[in-house]
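Peer 1: Just to be clear, the model below is a prediction. Sequence and coordinates:
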Amino acid sequence: MQQAAALFGGSVEFFGWEDLFYSFSNVGVDRTLAGWANAAGGHEALVQRFERMLKEQKPDVIFTLDPRHGSTCHPSHRATAMLLLEAIKRLPMSERPIVWLEQTDNIDERSEEVERVNAQLGYIGWPDTAADTVWFDATKRFRSGSTGYDYMLAARRLHKSQFPDEASGKTKSSAPSDAKRVPLAPLTSYQSADYCSALHLDRPTLDIPENRKRFGIDPS
């Protein structure tokens with residue numbers, strides 16, 4: 001994470017909250033929030049953690065996952081975004097940053113089109129937010145000479161545990177230009193919703209003892 005942040009001249013502040021692998025639904029989100037709150041000393045402590053960071057860093061712009069779906073419906077993605085937005089709402093209006101929510105659809109089994117574009121290391125928008133989606137052209141070159149898409153690939157290659165094929169050089173980018181656009185939605189268009197529970201995704205959850213063993217976690 002530190003190496004990836006350095007690509008952008010940035011730094012990392014790691015909260016250390018556990019990835020709980022609960023079900024990819026609202027139930028999983030609620031259980032994740034409850035687990036984190038139990039470890040941190042309550043829900044308020046979670047929100048204050050973000051609130052302190054916002055007051056210290058004073059960001060002008062924030063990019064985060066959309067709590068309605070988190071791009072993959074991962075409950076930790078959604079819970080983190082919910083806590084961040086809750087903290088932002090506590091700031092005076094004059095101090096609130098511009099917020100963009102990522103609308104990437106990374107659930108392959110939703111459609112053949114999503115699976116194809118994801119396999120090409122491209123981007124496809126979450127269908128239920130299409131009316132609000134703004135597309136950032138990641139083929140534009142920055143002062144460094146690199147494109148936004150170049151930075152994305154470089155960051156993925158640094159996260160070897162997440163993207164082993166890219167890190168090893170096995171996967172080469174084959175995405176066409178129209179798939180090198182990042183779908184985003186402004187926070188001003190956000191309405192709380194759950195886009196995940198109805199999908200009935202078959203995802204690992206540590207409620208199942210076999211998955212605890214699979215992830216090397218002591219069942220006790």
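Peer 2: Cool, got the structure. Numbers count the residues shown, from 1 in each chain.
Peer 1: Please name the bridge partners of the residue most central in space within the chain.
Peer 2: Computing the C-alpha centroid of the chain and ranking residues by CA atoms, centre = their mean puts residue 65 first, at 4.2 Å. Following DSSP bridges, residue 65 is listed with bridge partners residue 102.
Peer 1: Next, work out how far apart it and residue 99 are.
Peer 2: Counting by CB to CB, to the nearest Å, the separation of residue 65 from residue 99 is 11 Å. Every residue, glycine included, has its C-beta placed from N, CA and C.
Peer 1: can you check residue 204 too?
Peer 2: Distance from residue 204 to residue 99, counting by CB to CB: 30 Å.
Peer 1: Between the two, which is the more surrounded one?
Peer 2: The residue with the greater number of neighbours, taking residue 204 and residue 99 and applying other CB atoms under 10 Å, is residue 99; the counts read 20 against 15.
Peer 1: Let me know whether my guess that the more buried one is in a strand holds.
Peer 2: Yes: when the secondary structure is assigned by DSSP: H, G, I helix; E, B strand; the rest coil, residue 99 falls within a strand.
Peer 1: tell me the pLDDT at it?
Peer 2: Note for residue 99: predicted pLDDT of 97.
Peer 1: now do the one 3 residues further on
Peer 2: At residue 102, the predicted lDDT confidence score is 96.
Peer 1: What's the local residue count around it?
Peer 2: Applying other CB under 10 Å, we find 21 residues neighbouring residue 102.
Peer 1: I figured it hits residue 182, correct?
Peer 2: Yes: between residue 102 and residue 182 there is a contact at 7.3 Å, judged by CB atoms under 8 Å.
Peer 1: residue contacts, residue 9?
Peer 2: Counting by CB atoms under 8 Å, 6 or more residues apart in numbering, residue 9 touches no other residue.
Peer 1: again, 10 Å this time
Peer 2: residue 144 (CB atoms under 10 Å, 6 or more residues apart in numbering).
Peer 1: Distance check, it against residue 144.
Peer 2: Applying CB to CB to residue 9 and residue 144 gives a distance of 10 Å.
Peer 1: burial of the residue nearest to residue 171 when sequence neighbours are not counted, as a residue count?
Peer 2: Excluding the flanking residues, the one nearest residue 171 by CB to CB, 6 or more residues apart in numbering is residue 165, at 4.1 Å. Residue 165 has 12 neighbours, counted by other CB under 10 Å.
Peer 1: my read is residue 165 is in a strand, agree?
Peer 2: No: under three-state DSSP, residue 165 sits outside any strand and is assigned helix.
Peer 1: Show the contacting residues for it.
Peer 2: Taking CB under 10 Å, 6+ apart, we find residue 165 in contact with 121, 156-157, 171-172.
Peer 1: Out of the residues you listed, which comes closest to residue 134?
Peer 2: Minimum distance to residue 134 across the contacts of residue 165 is 21.0 Å, recorded for residue 121 (CB to CB).
Peer 1: how would you label that closest one: helix, strand or coil?
Peer 2: With three-state DSSP as the criterion, residue 121 was assigned coil.
Peer 1: Show the contacting residues for it.
Peer 2: Going by CB under 10 Å, 6+ apart, residue 121 touches 149, 152-153, 156, 163, 165-166, 171-175, 179-180.
Peer 1: I'm done for today, thanks for sticking with me.
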